[in-house]
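>>> This is the structure alone, sequence omitted:
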């Protein structure tokens, strides 16, 4: 081993001399004990992987000197222990790997060099939709339809699991990626190749941070960056600041972990933690279960941090045993963490490390709340929900406004559903979904929902039949303890049957609403509501017909479903009136924390986890029956509308091409703030009048066979047409919401794809103008690949979401940022100008570049290549081209 730190290697147990570890306490450096625990994991990885090439001794010194270097924009490498993918992002990753094998072969290299070096798990959880609900066989029907729609994708993934080493596939029907990671895949301490070291993970899903709640450092990266990690490349990152988040006090008896995370999300958005680590400490942490911590860590992307880390403590160790992990390995995990100073005691303040800054929350101040109607950081106390929604109705169109004229605030529309007459109004709930790993991983809120359902049914309450209710657990364990505790039948009676094991409503796979409901919403131009226990509620994400969407705890999802509206004050108004004429209030059926904990202690046991996860890779018979090819090179089917060889490597040579100045670019789209990856590359339904629909129709498909954009990410022809195809897109060039823009040479208003095609045929480069937080939301590589294929050469924005900026870099699209204090308004930009972006020969990280307009105006912007490695990727035309050249040479 060519590693300068070999002298600190020793056996963890003298009786097992071949099982070694890097004993960081032997560094005998006082700075180590002052490092945040999250930074200690970066340090250990740098020391263990130090080869004076990819990871240098100077990198180790920079991390050790974190207290000084955190403010100096220092770049450090990080090699995570694992990579995790879900199928929406995993399919394009495996497509890229297959195409890279072809490209390496064309350039004269060995295609089998394209093979994961870093272990990777791909969990299929994003494909199932809520097509059927409120039926005893909803689960079976939804799973059958999932396989019918996605058989080709699943066969391709099965081929990938056989063709590539170190790639394990968790079949559909197993659960949600982050819950499976928490309950089964996570090790906390790795035992690999004769060494013990901290488990760490990057994932192609922004909510990978959920695993931080167990003490495994993890965060989301772009699919493109994850592919490089799988091929053995370190992540190049700026050494982060670490915000210490001190928790004190005890939560009130009626408060759930969902209320806590929504409170923290709003608080940390106000503090400003973008690009930073958040590390939790203080005596309040000891009051939180691992499931509570995981809920808080899950929503890290919503408050903008890179990671939200809870160091390992005795509660973490207890969770490993509770979830059926091997006891001997768990004890070994504890011994290792004690030896390297990474086991935390939150009651012992002498262990508190140095932080960049410290903020505090008293858990006793948290009240029941929701978030919405369009963003997860817009917290609303439950006591204020009615008033807040009614204010939003009349407010100007925006994150907290729908601009409904005052005389229409109380509009109603009558409709008929299954032979009965009903009425919808603004605020009527039409979707109520217990969904998402954020909450379904947490037995306390799931059992709380079950106990509330039991009391509601016993009190004679019901849910209106037209409301689309659903329960999509994150693992089979949830169904197991809900059934064993006796609450599942009450959930079913209220319409919350299990509809599938996957993300479902949380990612927009909510399925269709009844036609009569859609007609009533459309006829009255109603602001209908979705209530879900998810982590994102961006406009247009959950369902096209729910303009308002609120995140809420599972018990509150049921409460609002029973009420049928968010325009209710639970303190003053009853949830409903039972058959005896008695008014039933929410407080009458809300379970106490003690009730929930008693049931949890009795029914959430290790045997359940062992039984479910022992057979997870073989239990799905439909998956087992799939027939996949065994060739090492994939045979592309030209008739396929799901899997297609991408054009990213067309014309690639071993020689580098010098980046050129972008001459006379037109602006394809002009945006305001908070344009999300859902706006850029939607995952949900393919509209029947869209360019993607026209393409699929031309290939002989009917609308029923379109499936979703997310399911078709293995086909660039669909995804390019689906770029900027969100029906709620707000483009400053056109008067109304929708996926259209102006083609300036002709003055015509066209679908975005059609306009881009015209520009491309005429040889014109394109750019996009945007405001703050461009690319917020999911870590969606197609939000960079799509614009690249449309001919977008650069984006000029006020600020970027971290993962999306990285994805743009990975595709060779230049992320430009206005200088501080400047934006399109201050510079007088209309977007109708033509832009020439001067690319100098000697590029440096974060340098200023000159932009010239055809009006004669000249201004500067920051070129957001933040590290030398990112510049290397840019010179190669993107990270994938870089990897192909490296493997082929």
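Now that the structure is in, tell me what you want to look at. Worth saying up front: this structure is predicted, and the values here are computed from it rather than measured. Numbers count the residues shown, from 1 in each chain.
>>> which residues of the stretch 751-889 of the chain score low on pLDDT?
Low-confidence segments of the stretch 751-889 of the chain, defined by pLDDT under 70, span residues 779.
>>> where do the strands sit along it?
Counting by DSSP state E, counting those that start in this stretch, the segments of the stretch 751-889 of the chain that form strands are 766-769, 792-797, 814-818, 835-837, 848-853, 858-863.
>>> Got the domain ranges for the chain?
The chain breaks down into these domains under the TED database: 6-78, 80-236, 369-611, 662-888.
>>> Quick check: buried residues in the top helix by length along the chain?
Counting residues, the longest helix in the chain under DSSP state H turns out to be helix 138-163. Judged by neighbour count (16 or more other Cβ atoms under 10 Å), helix 138-163 contains these buried residues: 138-139, 141-143, 145-147, 149-150, 153-161, 163. Backbone N, C-alpha and C define where each C-beta goes, glycine included.
>>> what does stretch 692-703 give?
By neighbour count, and taking 16+ other Cβ under 10 Å as the criterion, the buried residues in stretch 692-703 are 692-693, 695-696.
>>> Identify the farthest-apart pair in those residues.
Using Cβ to Cβ, the buried residues of stretch 692-703 span at most 7.3 Å, a distance reached by 693 and 695.
>>> Which residue lies nearest the spatial centre of this structure?
The residue at the geometric middle of the chain, judged as the C-alpha nearest the mean C-alpha position with Cα atoms, centre = their mean, is residue 206 (3.2 Å).
>>> Touching, it and residue 781? I think so.
No. The criterion here is Cβ atoms under 8 Å, and residue 206 misses it with residue 781 at 11.6 Å.
>>> pLDDT (mean, whole number) over the lengthiest strand in the chain?
Counting by DSSP state E, the longest strand found in the chain is strand 662-670. Computed over strand 662-670, the mean pLDDT rounds to 98.
>>> With stretch 79-95 instead?
Averaged across stretch 79-95, pLDDT comes to 93.
>>> do stretch 490-504 as well
Per-residue pLDDT values across stretch 490-504 average out to 96.
>>> can you check stretch 199-208 too?
Stretch 199-208 comes out with an average pLDDT of 95.
>>> okay, how far is it across it, tip to tip?
End-to-end distance of stretch 199-208 (Cα to Cα, to the nearest Å): 13 Å.
>>> Helix, strand, or coil at the residue of the chain most remote from its centre?
Farthest-out residue of the chain from its mean C-alpha position, per Cα atoms, centre = their mean: residue 580, at 46.2 Å. Per DSSP: H, G, I helix; E, B strand; the rest coil, the local secondary structure of residue 580 is coil.
>>> Output the below-cut-off pLDDT ranges for this protein.
Applying pLDDT under 70 to the chain picks out residues 1, 779.
>>> circling back to that earlier point, who are the packing partners of the longest helix of the chain?
In terms of contacts (3 or more Cβ pairs under 8 Å, 6 or more residues apart in numbering; DSSP states H and E), helix 138-163 is packed against helix 87-106, strand 120-123, strand 167-170, helix 621-624.
>>> Using CSV, lay out those together with mean neighbour count.
Compiled in CSV, the helices and strands packed on helix 138-163 are given as follows (neighbours: other Cβ atoms under 10 Å):
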stretch, mean neighbour count
helix 87-106, 24
strand 120-123, 25
strand 167-170, 21
helix 621-624, 14
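>>> And the ones you listed: which comes nearest residue 363?
Judging the helices and strands packed on helix 138-163 by Cβ to Cβ, what sits closest to residue 363 is strand 120-123, at 31.9 Å.
>>> just checking, what packs against that closest one?
Of the remaining helices and strands, those touching strand 120-123 by 3+ Cβ pairs under 8 Å, 6+ apart are strand 82-86, helix 87-106, helix 138-163, strand 167-170.
>>> Let me have those in TSV, extended by distance to residue 711.
Rendered in TSV, the data for these read as follows (distance: least, Cβ to Cβ, whole Å):
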stretch	distance to residue 711
strand 82-86	12
helix 87-106	7
helix 138-163	6
strand 167-170	16
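>>> looking at these, which is closest to residue 212?
Taking the helices and strands packed on strand 120-123 one by one with Cβ to Cβ, strand 82-86 is closest: 13.1 Å.
>>> angle of the closest one against helix 87-106?
Between strand 82-86 and helix 87-106, the angle formed by their directions is 110 degrees, by axes from the mean of the first three to the mean of the last three Cα atoms, to 10 degrees.
>>> angle of strand 82-86 against helix 138-163?
Taking the same axes, to 10 degrees, one finds strand 82-86 and helix 138-163 inclined to each other by 140 degrees.
>>> Just checking: what are the partner strands of strand 82-86?
Note on strand 82-86: by DSSP bridges, its sheet partners are strand 120-123 (parallel), strand 200-203 (parallel).
>>> Between the domains of the chain, which shows the greatest average number of neighbours?
For these, the largest average neighbour count (mean count of other Cβ atoms under 10 Å) is found in domain 80-236, namely a mean of 23.
>>> Endpoints of stretch 607-621, how far apart?
Chord length of stretch 607-621, first to last residue, is 23 Å (Cα to Cα).
>>> again, but for stretch 295-309
12 Å.
>>> Check stretch 818-838 too.
The distance separating the two terminal residues of stretch 818-838, taken as Cα to Cα, comes to 15 Å.
>>> which residues touch that stretch?
For stretch 818-838, the surrounding residues in contact (Cβ atoms under 8 Å, 6 or more residues apart in numbering) are 661-667, 670, 732-733, 744, 767, 769, 771, 793-794, 796-798, 814, 816, 848-855, 857, 859-862.
>>> One more: stretch 442-449?
Residues from elsewhere that reach stretch 442-449, judged by Cβ under 8 Å, 6+ apart: 256-258, 289, 291-292, 294-295, 434, 439-440, 473, 478, 481-482, 485, 487, 491, 496, 533, 553-555, 557-558, 591, 593, 596-597, 599-600, 603-604.
>>> where do the strands sit along the stretch 151-300 of the chain?
In the stretch 151-300 of the chain, the segments counted as strands under DSSP E, counting those that start in this stretch are 167-170, 189-192, 195-198, 200-203, 217-220, 235-238, 242-248, 277-281.
>>> name the helices or strands packed onto the fifth one?
Looking back up the chat, that one is strand 217-220. Packed against strand 217-220 by the contact rule (3+ Cβ pairs under 8 Å, 6+ apart) you find helix 37-48, strand 200-203, strand 307-309.
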